[in-house]
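Engineer: I need the structure of the sequence given here:
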Amino acid sequence: MSDRVTVAKTYKLYIGGKFPRSESGRSYPVTDSKGAFLANAAQGSRKDARDAVAAARKAFPGWSGATAYNRGQVLYRVAEVLEGRREQFATEVAASEGVALKKAQSLVDTAIDRWVWYAGWTDKIAAVLGSSNPVAGPYFSFSTPEPTGVVAVLAPQQSSLLGLVSVIAPVIASGNTAVVITSQDRPLPAITLSEVLATSDVPGGVVNIITGRTAEIAPWLASHADVNALDLTGAPESIRADLQRSAAGTVKRVLRNKASEDFSVTPDLSRIRAYLETKTVWHPMGV
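Structural biologist: This next block holds a predicted model:
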């Protein structure tokens, strides 16, 4: 019989490229699908959400101002690091979602492919969603898509990795920065993703990841004046209407996808388009 004492892990938040403890000092136990203890996760607070928004806003000019090609290369690098931690992700997804290891490995592979899919769109967005507009006069008129700003993402509650990747990747591929509230009961894949982001080329603050109670943190993000868009995917049904009303107070874009969304289906451009503004420029021709 071993005399070794098992030390339970207590994970931290990921804000501004660093791993701070929650300002509240709270944590909560994370269990697998059968109720067995896995680790402790930080229980984020209103102050943590505000710090994450500040970090995302600070990172926005540099990330949105980078070339689309550069953003794509950074995201491809993330996919490489994800691939290197494939087995860890598979183990965590299997424990979190209660699926067989083989199924979990398939979900991880799909998540990595999904990340690569969005990475490939970074330098094609302007060509596909922009336009040269016909005008009745001596002018050129061009419309180009631009990122909207800081996006608060309520990650899916059930799909701990594939769903998570499917909501984060389109936000940052289009040049926005993100504040993500993870799945409340299945946060471990998100925590590992934060470690991947920290050891890749993604600048600090581009993605900020907070674990904790979605219903506690989401209202502060919905009403925050420096958040430009809100993804309600992982929001509890009981507070969705309240979150939309709060978001309307600061004229946020709101993505109202269903919590039961099937993330195994190959996506279209709707999530990228949701976080873009269209800028139209007129320029005179001739003398």
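Engineer: For residue 61, the count of nearby residues, please.
Structural biologist: Residue 61 has 10 neighbours, counted by other C-beta atoms under 10 Å. Every residue, glycine included, has its C-beta placed from N, CA and C.
Engineer: Which elements pack onto the helix or strand where residue 54 lies?
Structural biologist: Assigned by DSSP states H and E, residue 54 belongs to helix 46-65. Applying 3 or more C-beta pairs under 8 Å, 6 or more residues apart in numbering; DSSP states H and E, one finds that helix 46-65 makes contact with strand 139-147, strand 150-154, strand 177-181, strand 207-210, helix 214-223.
Engineer: Show me what the third one is in contact with.
Structural biologist: Read it as strand 177-181. Residues outside strand 177-181 that contact it (C-beta atoms under 8 Å, 6 or more residues apart in numbering): 44, 49, 52-53, 56-57, 59-60, 63-64, 149-155, 164, 167-168, 171-172, 190, 205-210, 212, 214, 217-218, 221, 227, 234.
Engineer: go again using 6 Å as the cut-off
Structural biologist: Here strand 177-181 makes contact (C-beta atoms under 6 Å, 6 or more residues apart in numbering) with 52-53, 56, 59-60, 63, 150-155, 168, 171, 206-210, 214, 217.
Engineer: Check stretch 66-73 too.
Structural biologist: Taking contacts as C-beta under 6 Å, 6+ apart, the residues outside stretch 66-73 that touch it are 119, 122, 123.
Engineer: For it, the averaged confidence score.
Structural biologist: For stretch 66-73, mean pLDDT rounds to 96.
Engineer: same thing with stretch 172-188?
Structural biologist: On average, stretch 172-188 scores 97.
Engineer: Pull it out as CSV, backbone CA atoms only.
Structural biologist: The C-alpha atoms that make up stretch 172-188 are tabulated as CSV, following Å, rounded to 0.1, in the frame of the first residue of the first chain:
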residue,chain,number,x,y,z
ILE,A,172,-10.6,35.6,-32.7
ALA,A,173,-10.3,34.5,-36.4
SER,A,174,-12.2,37.6,-37.4
GLY,A,175,-10.0,39.9,-35.3
ASN,A,176,-12.0,40.2,-32.1
THR,A,177,-10.9,39.5,-28.6
ALA,A,178,-12.8,37.2,-26.2
VAL,A,179,-13.9,36.8,-22.6
VAL,A,180,-15.1,33.2,-22.2
ILE,A,181,-17.1,31.7,-19.4
THR,A,182,-16.5,28.0,-19.5
SER,A,183,-18.9,25.1,-19.1
GLN,A,184,-19.8,25.3,-15.4
ASP,A,185,-19.5,21.5,-14.7
ARG,A,186,-17.1,20.5,-17.4
PRO,A,187,-14.3,23.1,-17.3
LEU,A,188,-11.2,21.0,-17.5
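Engineer: Any buried residues in it, and which?
Structural biologist: 172-184, 186-188 (16 or more other C-beta atoms under 10 Å).
Engineer: can you give me how far it is from the chain middle?
Structural biologist: 3 Å (C-alpha atoms, centre = their mean, to the nearest Å).
Engineer: One more: stretch 133-144?
Structural biologist: 35 Å.
Engineer: Tell me which residues are up against that stretch.
Structural biologist: Stretch 133-144 is contacted by residues 126, 130-132, 278-286 when judged by C-beta under 6 Å, 6+ apart.
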